[in-house]
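Participant: Take this sequence and fold it.
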Amino acid sequence: MMNVFSSFFTCKSGNFAILYAAIVPMVMAGSLAVIDFSRATSVKAEAQGALDSTMLQLAITTTSDTQGLEELGARTMLGNQMNIGGTLVSSSFSNSEDGLTVKGLATFSVPSLMRGFFHNDSLTVTVSSDVKRSAKNVEVALVLDTTASMAGQRIADLKVAAKDLVDIVVTDRQTPTYSKVALVPYSMAVNVGTYADAVRGTISNGTCNTPGCNQFLFTNANGNKVTFGSSTCVSERTGPESYTDAPPSTKRLGYNYPSSANPCIASTIQPLSDDKAAIKSSIEALSAGGSTGGHIGVAWGWYMVSPKFSYLFPTARQAGPYNTEKTKKIVILMTDGEYNSAYCDGVIARNSLTGSGASSQHINCDAPNGGAYEQAQALCTSMKAAGVTVYTVGLELVNTQAARDLIAKCATSERHVYYPNSGTALKEAFRNIGRDISGPVVSR
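Facilitator: Now for the predicted structure:
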């Protein structure tokens, strides 16, 4: 056999030279064609990945007009195709008529090794992608810790993270589905602002020794008589409706009589809204201070997405009915520390934890519902049973078992739990939650 090959390659006849001259270019062309095909296939896979990534990013943006979508899509695609072995020639992006699908098309040029044979300078690779936006209404309640331990860089980072989430979740196009965000800042309690009379009852003039008057005279935990003034903050409700979303017309929320050293939080609740500028303005205005009545924040996160509380708010800001087929109801619970302030008769109870203020600022009775941690977990259990999805975010969480249990057990599942240990991680956690809520799916 070796002799045959040796004879073939050492043959010097003219016929062989002609045959060799004819075969070699064909073999080379075939080899180059295989390489070109392999490169084009590789580029197409890379291009498809880049386009899919671009489409997922477009699907969660607030841009809805065609020109804006084209411009944003082109910029995003340029960033995503940096490592592709071809050149982006053109791209186009558009919304479907119903606004639920984003469509994309991209064309790439791949240098061809065959250009010396057939004058083909390049190969053309075209990819397409369709991404379906969420076909459900989205209602999100942001429950944000603004207690004293959040002062400084933490509150600054929280503002950036929360505003990023608003930009991701709330879209410009509010038909055929809507996406809205409510805001529940909390510290020692929750300030319901102008809704106070409707949720906890009106306040009578004068001084009384039972809750309900402008001034409340009571015995503090030191055994001394003191008087605290009323506020538009509210405390937890007690009795059979403690852990339900029964409307205030059925069971009022608790009054709140704060001490001057631990006053009612300044920032008020903001019902569901699709006005991004207004929501972000409210977030920017947050300030840190006070102890932690986090269970009251948890309750109001639920109330904001509950149809049973919706009658309190303007029509455009009301929560829709419970219907998991049409509407996502979501509460995002963020905290960094201890839930230390529970209430008795509208005043921080004597059995509240360290950090809730001096005993002279506590009333001489225990919280009838128990501690703030226990109340928060009971509320989480009830709202999840009602169909609300709960995300928890523990920022540099205090190292106690009660705090860890709260974050782990309140969440809908393990994948709904985040433990950011820095401002950067907090922002990324909120972005991930926003993307998860928006839920676009590649459907091409």
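Participant: What are the boundaries of the helices in the stretch 101-250 of the chain?
Facilitator: 115-118, 153-169, 196-200 (DSSP state H, counting those that start in this stretch).
Participant: List of residues touching the last one?
Facilitator: The set of residues external to helix 196-200 that reach it, using CB atoms under 8 Å, 6 or more residues apart in numbering, is 192, 203, 232, 234, 248, 252, 253, 254, 255, 256, 312. In this view, the C-beta of every residue, glycine as well, is placed from N, C-alpha and C.
Participant: mind running it again at 7 Å?
Facilitator: 192, 232, 234, 248, 252, 253, 254, 255, 312 (CB atoms under 7 Å, 6 or more residues apart in numbering).
Participant: List the contacts of the last one.
Facilitator: Okay, so that is residue 312. Per CB under 7 Å, 6+ apart, neighbours of residue 312: 195, 198, 199.
Participant: related to what we said a few turns ago, of all the helices of the stretch 101-250 of the chain, which one is nearest residue 137?
Facilitator: Taking CB to CB, helix 153-169 is the member of the helices of the stretch 101-250 of the chain nearest to residue 137, at 11.7 Å.
Participant: Tell me which other helices or strands that closest one touches.
Facilitator: strand 137-145, strand 179-186, helix 276-284, helix 423-438 (3 or more CB pairs under 7 Å, 6 or more residues apart in numbering; DSSP states H and E).
Participant: Go through these and name the closest to residue 58.
Facilitator: Proximity to residue 58 (CB to CB) singles out helix 423-438 among the helices and strands packed on helix 153-169, at 11.3 Å.
Participant: angle of that closest one against helix 153-169?
Facilitator: 20 degrees (axes from the mean of the first three to the mean of the last three CA atoms, to 10 degrees).
Participant: In helix 423-438, which residues are buried?
Facilitator: Buried residues in helix 423-438, defined by neighbour count with 16 or more other CB atoms under 10 Å: 423, 425, 426, 427, 429, 430, 431, 433, 434, 435, 437, 438.
Participant: List the buried residues of stretch 280-289.
Facilitator: Neighbour-count burial for stretch 280-289, counted by 16+ other CB under 10 Å, picks out 280, 282, 283, 286, 288, 289.
Participant: That one: how far from the chain's middle?
Facilitator: Relative to its chain's centre, stretch 280-289 lies at 17 Å (CA atoms, centre = their mean, to the nearest Å).
Participant: got the helices of the stretch 101-250 of the chain as JSON lines, with distance to residue 38, mean neighbour count and mean pLDDT columns?
Facilitator: As requested, the helices of the stretch 101-250 of the chain are exported to JSON lines (distance: least, CB to CB, whole Å; neighbours: other CB atoms under 10 Å; pLDDT from 0 to 100):
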{"stretch": "helix 115-118", "distance to residue 38": "16", "mean neighbour count": "12", "mean pLDDT": "52"}
{"stretch": "helix 153-169", "distance to residue 38": "39", "mean neighbour count": "20", "mean pLDDT": "96"}
{"stretch": "helix 196-200", "distance to residue 38": "68", "mean neighbour count": "19", "mean pLDDT": "98"}
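Participant: can you redo the ones you listed as JSON lines with distance to residue 104?
Facilitator: Output for the helices of the stretch 101-250 of the chain, formatted as JSON lines (distance: least, CB to CB, whole Å):
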{"stretch": "helix 115-118", "distance to residue 104": "29"}
{"stretch": "helix 153-169", "distance to residue 104": "19"}
{"stretch": "helix 196-200", "distance to residue 104": "47"}
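Participant: Looking at these, which is nearest to residue 100?
Facilitator: For these, proximity to residue 100 was assessed by CB to CB; helix 153-169 is nearest, at 16.2 Å.
Participant: For that closest one, which outside residues touch it?
Facilitator: Contacts of helix 153-169 (CB under 7 Å, 6+ apart): 60, 62, 138, 140, 142, 144, 146, 150, 179, 181, 276, 279-280, 283-284, 286, 288, 336, 395, 423, 426-427, 430-431, 433-435, 437-438.
Participant: which residues touch residue 243?
Facilitator: Contact analysis of residue 243 by CB under 7 Å, 6+ apart lists 378, 379, 382.
Participant: Try it again at 8 Å.
Facilitator: 375, 378, 379, 381, 382.
Participant: Selecting buried members of the residues you listed in PyMOL, what would you type?
Facilitator: Selection of buried members from the contacts of residue 243 for PyMOL, criterion 16+ other CB under 10 Å:
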select buried, resi 375+378+379+382
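Participant: quick one: which of the helices of the stretch 101-250 of the chain is nearest residue 320?
Facilitator: The closest of the helices of the stretch 101-250 of the chain to residue 320 is helix 153-169. By CB to CB, the value is 15.7 Å.
Participant: Can I get that closest one in PDB, CA atoms only?
Facilitator: Included here for helix 153-169 are C-alpha records, laid out as PDB according to Å, rounded to 0.1, in the frame of the first residue of the first chain:
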ATOM      1  CA  GLN A 153     -25.100  54.700  53.600                       C
ATOM      2  CA  ARG A 154     -27.700  52.100  54.200                       C
ATOM      3  CA  ILE A 155     -30.700  54.400  53.600                       C
ATOM      4  CA  ALA A 156     -28.800  55.900  50.600                       C
ATOM      5  CA  ASP A 157     -28.300  52.500  49.000                       C
ATOM      6  CA  LEU A 158     -31.900  51.500  49.800                       C
ATOM      7  CA  LYS A 159     -33.200  54.500  47.900                       C
ATOM      8  CA  VAL A 160     -31.100  53.600  44.800                       C
ATOM      9  CA  ALA A 161     -32.200  50.000  44.900                       C
ATOM     10  CA  ALA A 162     -35.900  50.700  45.400                       C
ATOM     11  CA  LYS A 163     -36.000  53.300  42.600                       C
ATOM     12  CA  ASP A 164     -34.200  50.800  40.300                       C
ATOM     13  CA  LEU A 165     -36.900  48.200  41.100                       C
ATOM     14  CA  VAL A 166     -39.700  50.800  40.300                       C
ATOM     15  CA  ASP A 167     -38.100  51.400  36.900                       C
ATOM     16  CA  ILE A 168     -38.000  47.700  36.200                       C
ATOM     17  CA  VAL A 169     -41.500  46.800  37.400                       C
END
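Participant: Return the member of the contacts of residue 312 nearest to residue 358.
Facilitator: Checking those against residue 358 with CB to CB, the nearest one is residue 199 at 28.6 Å.
Participant: For the closest one, give its distance to residue 127.
Facilitator: As judged by CB to CB, to the nearest Å, residue 199 and residue 127 stand 54 Å apart.
Participant: try residue 317
Facilitator: Counting by CB to CB, the gap from residue 317 to residue 127 is 42 Å.
Participant: Have a look at these two and say which one is more surrounded.
Facilitator: The neighbour count for residue 317 versus residue 127, taken as other CB atoms under 10 Å, is higher for residue 127 (21 against 17).
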